[in-house]
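> For reference, the sequence and a predicted model appear below.
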Amino acid sequence: MNDIPNVPNVPDVPVPDGYISVACTIKHETPRALLITLGYEVEPEDSENPTDTVWIPTSQIHSIHRDDRDDTATIYISKWIADKKGL
């Protein structure tokens, strides 16, 4: 586990074959997909800095490790969807 502020505690487990880990902020969630902003968003919503926001189908998510303090998370997604979404 890490002790860095504003970073989710991710279990010390290896990334499964065929998946990558992505640090993100979860903006919206449906039964079929997560809308995420890449990285841990620290600037306000109305910031002039554009952010990369993408939908990730739940079928392409291996696991989600949420930070219980906010909406940040580390998710393990398939390499295929990461390539398709340009991550």
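Arrived safely, thanks for sending. Predicted, not measured: the structure shown is a model, and the values here were computed from it.

> Tell me which residue lies nearest the centroid of this structure.
Compute the mean C-alpha point of the chain, and by C-alpha atoms, centre = their mean the closest residue is Cys24, 3.3 Å away.

> Give me the longest strand you can find in this structure.
Determined from DSSP state E, the single longest strand within the chain is strand 19-29.

> buried sites along that one?
Tyr19, Ile20, Ser21, Val22, Cys24, Thr25, Ile26, Lys27 (16 or more other C-beta atoms under 10 Å). For glycine as for every other residue, the C-beta is placed from the backbone atoms N, C-alpha and C.

> my guess is the residue nearest to the centre of the chain contacts Tyr76, does it?
No. Counting by C-beta atoms under 8 Å, Cys24 does not reach Tyr76; the two are 11.2 Å apart.

> re earlier: can I get the longest strand of the chain in PDB, CA atoms only?
Extracted C-alpha coordinates of strand 19-29, given in PDB (Å, rounded to 0.1, in the frame of the first residue of the first chain):
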ATOM      1  CA  TYR A  19      -4.300  -5.600 -18.600                       C
ATOM      2  CA  ILE A  20      -2.800  -2.300 -17.700                       C
ATOM      3  CA  SER A  21      -3.400  -0.100 -14.600                       C
ATOM      4  CA  VAL A  22      -4.900   3.400 -15.100                       C
ATOM      5  CA  ALA A  23      -5.000   6.200 -12.500                       C
ATOM      6  CA  CYS A  24      -8.200   8.000 -12.900                       C
ATOM      7  CA  THR A  25     -11.100  10.000 -11.500                       C
ATOM      8  CA  ILE A  26     -14.500   8.400 -11.900                       C
ATOM      9  CA  LYS A  27     -16.900  11.000 -13.200                       C
ATOM     10  CA  HIS A  28     -20.000   8.800 -13.800                       C
ATOM     11  CA  GLU A  29     -20.800   5.100 -13.500                       C
END
